[in-house]
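[1] Return a 3D structure for these sequence lines:
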Amino acid sequence: MASDFEVFEPDFGTLTADITSKVARIPKLSGDDKKSMVANVEKQMEEARELLEQMDLQVREIPLQSRGLFSNRMKSYKQELTKLDRDFKRSRIAYSDEVNPRNELLGDDGNTTENQLIKLREERACLLDNTERLERSTRRLEAGYQLTVETEQVGQEILENLHHDKEKIQRARERLRETDTNLGKSSRILTGMLRRNRMAEGKELTTDRKYDG
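    Residues are numbered from 1 along each chain as shown. Coordinates of the predicted model:
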């Protein structure tokens, strides 16, 4: 599974590098060119998310003792994609898209156009901040869920190991009882043999004495 994960890594790096380049160009574009570029980046961002999901699935199937390194790499890739998504959103509302002609905002009244532009920028910045807070909350929830899943997996493995250990102990106890039983039988047999030998020896002594007399 680790090899599958490492196969996806170069694809993810190439894709994010291309997205980064295009995001940097978006503020310099306008009109149809900008719409086309935005649509293209949106498609690539979705591809990057799907690729990251595949990589995440691969990491979850790696044994726990080897998963730490890959989990750290996944965390870094998720942070990279989150930052890229944030940059993409900001590039879409860059100054090049703001309405420069005053009469397009307020008609013939151009006295407050600058204030309106400032307000518009502030509202957009506030919207971005709120979006980022939501994204951070979502990431914390996802991290908490991931931790819960991993904890459950570790707990399940511990329970399975304890179950196997319990079975081994029970089998060992059964073998010990069987050994004790066999030792008891052997001891009784040996005791009987010793008694018979002593009785036989006693009879021989008695016979010998008769002959001597």
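
[2] Look up the closest residue to the residue positioned nearest the centre of the chain, ignoring the ones flanking it.
    Centre of the chain computed as the mean C-alpha position; nearest residue by C-alpha atoms, centre = their mean is residue 60, 4.7 Å away. Leaving out its chain neighbours, the residue that sits closest to residue 60 by C-beta to C-beta, 6 or more residues apart in numbering is residue 149, at 7.6 Å. The C-beta positions use only the backbone N, C-alpha and C, and glycine is treated the same way.

[3] May I ask which helix or strand of the chain has the lowest mean pLDDT?
    When each helix and strand of the chain is scored by mean pLDDT, DSSP states H and E, helix 102-106 comes last, with a mean of 46.

[4] Next SSE downstream of that one?
    Heading C-terminal from helix 102-106, the first helix or strand you meet, by DSSP states H and E, is helix 113-212.

[5] Poorly predicted segments of the chain, please.
    Within the chain, the segments meeting pLDDT under 70 span 1-3, 94-126, 129-130, 132, 202-213.

[6] Could you rerun that using 90?
    1-7, 28-31, 58-70, 90-213 (pLDDT under 90).

[7] Only alpha carbons, please: show the helix or strand hosting residue 23 as PDB.
    For residue 23, the host element (DSSP H and E) is helix 2-25. Provided in PDB are the C-alpha atoms of helix 2-25 (Å, rounded to 0.1, in the frame of the first residue of the first chain):
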ATOM      1  CA  ALA A   2       2.900   2.400   0.700                       C
ATOM      2  CA  SER A   3       4.100   1.900  -2.900                       C
ATOM      3  CA  ASP A   4       0.600   2.900  -4.200                       C
ATOM      4  CA  PHE A   5       0.700   6.000  -2.000                       C
ATOM      5  CA  GLU A   6       4.100   7.000  -3.400                       C
ATOM      6  CA  VAL A   7       2.800   6.500  -7.000                       C
ATOM      7  CA  PHE A   8       0.200   9.200  -6.300                       C
ATOM      8  CA  GLU A   9       2.600  11.700  -4.800                       C
ATOM      9  CA  PRO A  10       4.300  12.900  -8.000                       C
ATOM     10  CA  ASP A  11       0.900  13.300  -9.700                       C
ATOM     11  CA  PHE A  12      -0.200  15.400  -6.800                       C
ATOM     12  CA  GLY A  13       2.900  17.500  -6.900                       C
ATOM     13  CA  THR A  14       2.700  18.200 -10.600                       C
ATOM     14  CA  LEU A  15      -1.000  19.000 -10.300                       C
ATOM     15  CA  THR A  16      -0.600  21.500  -7.500                       C
ATOM     16  CA  ALA A  17       2.400  23.200  -9.100                       C
ATOM     17  CA  ASP A  18       0.300  23.800 -12.300                       C
ATOM     18  CA  ILE A  19      -2.600  25.100 -10.100                       C
ATOM     19  CA  THR A  20      -0.200  27.500  -8.300                       C
ATOM     20  CA  SER A  21       1.000  28.900 -11.600                       C
ATOM     21  CA  LYS A  22      -2.500  29.500 -12.900                       C
ATOM     22  CA  VAL A  23      -3.700  31.000  -9.600                       C
ATOM     23  CA  ALA A  24      -0.900  33.600  -9.800                       C
ATOM     24  CA  ARG A  25      -2.000  34.500 -13.300                       C
END
